[in-house]
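1. The sequence isn't on hand, but the structure is:
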């Protein structure tokens with residue numbers, strides 16, 4: 001009985017203790033300054049760690065994400081692709097490999113380690129056309145590594161039960177309940193358009209970084225460095241190019257600049273041009289946000305690790321619904337620009 005009681009009395013280690021153990025185990029030295037929490041995106045948590053060996057970025061992977069059955073396989077695939085990008089001289093900040101492994105585990109928690117990259121993330125409200133062009137060119141270089149035509153396969157379609165989420169939100173008297181009720185028809189429309197677009201995409205596959213939005217490129221004296229590479233995978237270049245062009249040109253902040261979208265595509269098509277131009281026909285992929293919305297609805301309703309993450313879920317539900325409303329309002333204007341302003345295919349190339 002005493003042994004059992006002692007085990008119960010043991011407290012889980014703090015994040016500072018876990019990181020200190022991580023750095024020592026990986027041979028990266030003793031911590032000499034307080035660990036600083038820095039922006040780590042909307043899923044994971046990031047820390048700046050200074051040791052007697054150097055300065056590092058430590059990413060603590062979200063335990064809820066890591067508890068999924070396919071998590072380790074997905075991260076393992078991303079790590080292999082990261083090696084490919086390194087060999088192709090794509091400007092990335094790769095995770096540190098220790099004893100043959102990129103992902104590190106301490107006391108049941110998973111981490112990635114990086115050399116600290118100086119620079120800054122572009123303010124979402126002040127992204128320049130030049131930065132859009134450079135980002136598009138990097139994505140094009142990635143897509144150009146080894147694209148392939150593949151046999152047709154039915155796409156995985158979005159199947160979100162909006163009625164069930166609305167019922168649960170109302171039952172729990174959640175802060176998001178009225179927002180979901182008021183926008184149910186819009187969300188049904190957006191999901192329908194997303195699925196229609198996915199069934200219309202050409203059968204092409206390539207290496208891609210679907211998460212290469214403005215928060216995931218660091219700029220150091222004008223030089224870009226792509227960070228947060230855990231989403232590297234194989235995917236459809238048409239879908240990813242369109243989604244990222246929209247994100248870089250203001251769709252996320254509901255302040256779309258068509259010229260910046262065109263600049264992104266100019267850089268992209270310079271590096272990789274598969275002659276596809278029917279982007280307006282597959283515009284529905286812009287509504288992929290409904291899947292991010294579903295994830296955050298779940299967080300807002302309590303499927304998360306703590307209250308901080310629940311509150312983040314509520315905030316992202318509000319932001320994402322507003323974003324979907326904005327996309328719907330500006331949809332026709334974007335489609336017109338996609339049809340009229342992208343560089344035309346040169347004669348004889350199709």
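-> Arrived safely. Predicted, not measured: the structure shown is a model, and the values here were computed from it. Numbers count the residues shown, from 1 in each chain.
2. going forward, measure contacts between C-alpha atoms and count neighbours the same way
-> Fine.
3. Now do the helix or strand hosting residue 140: everything it contacts.
-> Per DSSP states H and E, residue 140 falls inside helix 129-143. The contact list for helix 129-143 (Cα atoms under 8 Å, 6 or more residues apart in numbering) reads 85, 90, 206-209, 212, 237, 241, 245, 248-249, 259-261, 263-272.
4. same check, this time on stretch 270-284
-> Contacts to stretch 270-284, defined as Cα under 8 Å, 6+ apart, come from residues 137-138, 140-141, 143-144, 190, 193-198, 200-201, 238-239, 242, 334-336, 338-339, 342, 344-345, 349-350.
5. Just give me how far that stretch sits from the chain centre.
-> On the basis of Cα atoms, centre = their mean, to the nearest Å, stretch 270-284 sits 21 Å off its chain's mean C-alpha point.
6. now stretch 139-159
-> Relative to the chain's own centre, stretch 139-159 is displaced by 17 Å; criterion: Cα atoms, centre = their mean.
7. what does stretch 230-245 give?
-> On Cα atoms, centre = their mean, the centre of stretch 230-245 falls 10 Å from the chain's centre.
8. Quote the end-to-end distance of that stretch.
-> 20 Å (Cα to Cα, to the nearest Å).
9. any residues touching that stretch, and which ones?
-> Residues outside stretch 230-245 that contact it (Cα under 8 Å, 6+ apart) are 75, 77-79, 81-82, 132, 136, 139, 143, 201-213, 261, 264-265, 268, 276, 279, 282-283, 285-286.
10. Those, buried ones only, as a ChimeraX selection?
-> In ChimeraX syntax, the buried subset of the contacts of stretch 230-245 is picked out as below (16 or more other Cα atoms under 10 Å):
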select :75,78,79,81,82,132,136,139,143,201,202,204,205,206,207,208,209,210,211,212,213,261,264,265,268,279,282,283,285,286
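11. tell me which element residue 316 falls in.
-> For residue 316, the host element (DSSP H and E) is helix 307-340.
12. Show me which parts of that helix are buried, residue by residue.
-> Neighbour counts using 16+ other Cα under 10 Å place 309-318, 320-328, 334-335, 337-338 of helix 307-340 among the buried residues.
13. repeat for stretch 180-200
-> For stretch 180-200, by 16+ other Cα under 10 Å, it's 180-181, 187, 190-198.
14. how about the residues you listed in JSON lines, adding distance to residue 97 and pLDDT?
-> As requested, the buried residues of stretch 180-200 are exported to JSON lines (distance: Cα to Cα, whole Å; pLDDT from 0 to 100):
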{"residue": "180", "distance to residue 97": "44", "pLDDT": "98"}
{"residue": "181", "distance to residue 97": "48", "pLDDT": "98"}
{"residue": "187", "distance to residue 97": "42", "pLDDT": "98"}
{"residue": "190", "distance to residue 97": "41", "pLDDT": "98"}
{"residue": "191", "distance to residue 97": "40", "pLDDT": "98"}
{"residue": "192", "distance to residue 97": "42", "pLDDT": "98"}
{"residue": "193", "distance to residue 97": "42", "pLDDT": "98"}
{"residue": "194", "distance to residue 97": "38", "pLDDT": "98"}
{"residue": "195", "distance to residue 97": "39", "pLDDT": "98"}
{"residue": "196", "distance to residue 97": "41", "pLDDT": "98"}
{"residue": "197", "distance to residue 97": "39", "pLDDT": "98"}
{"residue": "198", "distance to residue 97": "36", "pLDDT": "98"}
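15. and of those, the nearest to residue 303?
-> Within those, the smallest distance to residue 303 is 17.5 Å, found for residue 180 (Cα to Cα).
16. Can you classify the nearest residue in space to that closest one that is not next to it in sequence as helix, strand or coil?
-> Setting aside the residues directly before and after it, residue 180 is nearest to residue 166 in space (Cα to Cα, 6 or more residues apart in numbering), at 6.1 Å. Following DSSP: H, G, I helix; E, B strand; the rest coil, residue 166 is assigned to helix.
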